[in-house]
Each structure stands twice: as structure tokens, then as C-alpha cells.
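Q: Provided below are the primary sequence and the corresponding predicted coordinates.
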Amino acid sequence: MSDALTHDDFLGGKIKVWQPRRGYRAGVDPVILAASVLAKPGQSVLELGCGVGVASLCLAARVPDLSVKGVEVQPVYAALAARNGAENASPFDVVVADLRNLPSDLRQRRFDHVMMNPPYFDRTTGTASDDAGKDIAFGGETPLWDWLDVGARRVGPRGFLTMIQRMDRLPEALDALQGRLGSIIVRPIAGRIGRAPELFLLQARQDGKTPFQMAPTLIMHEGTTHQGDQESYTREVSDVLRNGAELRILP
């Protein structure tokens, strides 16, 4: 194994993923994202900013016979995503591209599902990381509005867009989707009971007419305080992380 990479288990070892030892490393968030995509066998999925492919691979492990395409701006991460897909017997087509300049064939396609885990921080207000890979993953140069604009354009009739993002960027996300997609559901994510949500899941539908809904908060850990190194995920979250269970944004 290269010293520059680690080979990590996800979904309780159902999939194994190569990723850089240093820089941006996929963790829990893409797994939660994949669990909340309500895909069905035979449908098409586009992941914008797929990194090393964790979300796409987790989704494919849960739902068979999907057609999955990933877009990643960093060639090193895109190459690892393709490798991870092949080694997990779940190959998906990975395109190296800036999402604001997609290849013409992608601009002409629409998908049943578009999912994304955009950078959590606004580059215009933050400090760049010394590691280029981490900087693009956490901040990047593409505004959240552009992510959602491109994503909304790629959602097919009655299709869904699903995203995970920092809670303080919810107003920005809702503004970007105004008049574009409907039936918006937001599920806040909090570390523990009694703590303010730090993240949210958002799902919106092409041609959706249902009024905006705020779902109950997803609680990640049992108890109100950290109790040492033992795992403390709630039953719902543990089922997602260890068994690849589906996670409904609106329970």
C-alpha cells in the first residue's frame, strides 16, 4: 500500500476505499448523503464533486442496477474514484471537469437523482488551506449558488436533488433553489440532543408542488456529552453507517 494512501472501510466493510492519507478525507457525511437519496433500481444518478467516490459507492451498495456518473475537478481524486468503483465491483463513470464547465454530453443529459456535498465554507470569507486538495474540498472557488444552479439543471422530470451542507448556509441554498425546484424538505443534523444543528440534509424535486417542510432533527450520538472513545451513534445513524440502511429525510 502506498504511503500516500489509506484503504478504509465503509458500511461495516461492505466497501473499501482508497483515499489520500493527507488532505481531504471522506468521513461520515457522504455516507449520510448517500443514505438519503431515494433511488430505485434502474435509475440514473449524477454526483457533483464526487471526491474519491464514497457517496456514489455507498448508494450503489444499497440500490442495485443504478447508472451512476461522477464529476470531480481534481484529477487525483477522480482517478481514485474510478479505481474504487472498479475494485468494489461497482464501476461508475467519473469525469474530470469543473462543474461550471461540464462536457457537452453531460449538459445534454438529465438524471433521476443529483446528489452533492459542496464545500462547507465560503472561500470569500475563509482562509485557504495549505493542502490544495483539502482547500478545494472545504472551500473551493465555486459558489454554492453555482452548485445548486448546475444541479437543478441536471435533474430530470420529477427527479430529485439531494444535498448535505452546513446549517448556516441554509438561507443561501433556499435562495438558490427559489423558482427552480419544489417540494423542498430540510432535515437538520445535530451532534447530540440539546445541541444546535450544525448540518442539514436538503431534498428538492423537479416540478414538486408540496409546500416547504422542516423534518425532525437527525441526532447523531446518544447522550448529551461525549463519554470517551467508545462508539455512541444513535441506532438510526449506526444502521446507516454500518449496514448501509436508507435514511429518510422526512421520517
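A: Perfect, I can see it now.
Q: make it CA atoms for all contacts and neighbour counts henceforth
A: OK.
Q: all helices for the protein, in order.
A: 29-35, 54-62, 75-87, 104-107, 132-138, 144-154, 170-177, 235-243 (DSSP state H).
Q: Gln19 is nearest to which of these?
A: Closest approach to Gln19 among the helices of the chain is made by helix 75-87 (6.9 Å; C-alpha to C-alpha).
Q: thinking again about what came up before, per-stretch mean pLDDT over the helices of the chain, give me the minimum one.
A: The stretch with the lowest mean pLDDT among these is helix 132-138, which comes in at a mean of 45.
Q: the strands in this protein, which residues?
A: Along the chain, the segments classed as strands by DSSP state E run 5-10, 15-20, 44-48, 67-72, 93-96, 111-116, 155-166, 182-190, 199-205, 213-214, 218-219.
Q: roughly how far out does the longest one sit from the chain middle?
A: With C-alpha atoms, centre = their mean, to the nearest Å as the basis, strand 155-166 stands 10 Å off its chain's centre.
Q: got it, and the fourth one?
A: Once both centres are worked out by C-alpha atoms, centre = their mean, strand 67-72 turns out to sit 12 Å from its chain's centre.
Q: Give the pairing partners of it; include direction for each.
A: As defined by DSSP bridges, the strand partners of strand 67-72 come to strand 44-48 (parallel), strand 93-96 (parallel).
Q: which of the residues in it are buried?
A: In terms of neighbour count (16 or more other C-alpha atoms under 10 Å), strand 67-72 has its buried residues at 67-72.
Q: Take these and lay them out in JSON lines including pLDDT and distance to Pro103.
A: Conversion of the buried residues of strand 67-72 to JSON lines gives the following (pLDDT from 0 to 100; distance: C-alpha to C-alpha, whole Å):
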{"residue": "Ser67", "pLDDT": "96", "distance to Pro103": "18"}
{"residue": "Val68", "pLDDT": "97", "distance to Pro103": "16"}
{"residue": "Lys69", "pLDDT": "97", "distance to Pro103": "13"}
{"residue": "Gly70", "pLDDT": "97", "distance to Pro103": "12"}
{"residue": "Val71", "pLDDT": "98", "distance to Pro103": "10"}
{"residue": "Glu72", "pLDDT": "97", "distance to Pro103": "12"}
